[in-house]
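1. Only the shape, not the letters, is given here:
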């Protein structure tokens, strides 16, 4: 969860006499694209789902939706109003450590004090130590593109809504983003063309692209990718969740022209271990 910590580990690993790979999750704001037709048709419903995802576990998830993008207008205003009310109704939650809470307070304080940012809502203050008070902010796309401070992750239940002039503006912001663990499209049938334009960008920016859901749900399955381009992770070629994660612990070895008696069992003629494998490029399934 720390870019500084992750890059320090990468440097340390590479300076070893025998360098080793580092698979670190470091920084991700997990953008959510609120496409116009979906926002118009079900803005309050989307707002409710968003705040539930934002505040789950005091926002202490690497896949927490920390950035939302929408086109300025009545539909986005209605979404902000509904999301703001949901944030105000979200009880404070204790964060994992005093240090995490302190960093969260610093991050939300910087956003609240930024001249180009306006505060939409804050949750009620807690009555105990180290409690996360949910926060929702908004800024114009032009300011977001210019201000690096607005693009930093705030680990916890805080999110920034970027107000775009139009879909082309949204496309520019998407292209400007750093690598992410996830990117989410909230869309209806009328948004398919806009989504098609965004997908080539998002495929390069995120390890997991999802539609009409929320990124805080991560299923352990064959298809899951929990990783992404730097700085989301230190190595975008693998995943930390799902069966493909085993690639992190493997190293390829080629056995060329070895006698049958020297081959590993999995490679022997007759397939004594009954495993699925490729033989001369053809799939041989286990029985």
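-> Alright, I've got the coordinates. No experiment lies behind these values; they were computed from the predicted model shown.
2. show me where the stretch 51-200 of the chain has helices.
-> Ranges of helices in the stretch 51-200 of the chain, per DSSP state H, counting those that start in this stretch, are 74-88, 98-112, 141-146, 167-176, 192-205.
3. between those helices, which gets nearest to residue 128?
-> helix 98-112 (10.9 Å; Cβ to Cβ). C-beta coordinates here come from the backbone N, C-alpha and C atoms, glycine included.
4. who's in contact with the closest one?
-> Residues outside helix 98-112 that contact it (Cβ atoms under 8 Å, 6 or more residues apart in numbering): 59-60, 95, 117, 119, 129-133, 135, 137, 149-150, 152-156, 158, 160.
5. That helix: how far from the chain's middle?
-> Mean-position distance between helix 98-112 and its chain equals 20 Å (Cα atoms, centre = their mean, to the nearest Å).
6. circling back to that earlier point, for the helices of the stretch 51-200 of the chain, give me a markdown table that also has distance to residue 284.
-> As requested, those are arranged in a markdown table below (distance: least, Cβ to Cβ, whole Å):
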| stretch | distance to residue 284 |
| --- | --- |
| helix 74-88 | 53 |
| helix 98-112 | 50 |
| helix 141-146 | 53 |
| helix 167-176 | 43 |
| helix 192-205 | 32 |
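7. do you know which of those helices lies nearest residue 13?
-> Going by Cβ to Cβ, the one of the helices of the stretch 51-200 of the chain nearest residue 13 is helix 98-112, 23.7 Å.
8. For the closest one, buried residues please.
-> 100-101, 103-105, 107-108, 111 (16 or more other Cβ atoms under 10 Å).
9. do the same with stretch 59-73
-> 59-71.
10. now swap in stretch 35-51 and tell me
-> Using 16+ other Cβ under 10 Å as the test for burial, stretch 35-51 gives 35-40, 42-43, 46-47, 49-51.
11. Just give me the closest of these to residue 171.
-> Closest to residue 171, out of all of the buried residues of stretch 35-51 and judged by Cβ to Cβ, is residue 35, at 11.7 Å.
12. Please report how far residue 182 lies from residue 11.
-> From residue 182 across to residue 11, the span is 27 Å (Cβ to Cβ, to the nearest Å).
13. between these two, who's got more neighbours?
-> Ranked by neighbour count (other Cβ atoms under 10 Å), residue 182 and residue 11 place residue 182 first, with 29 against 10.
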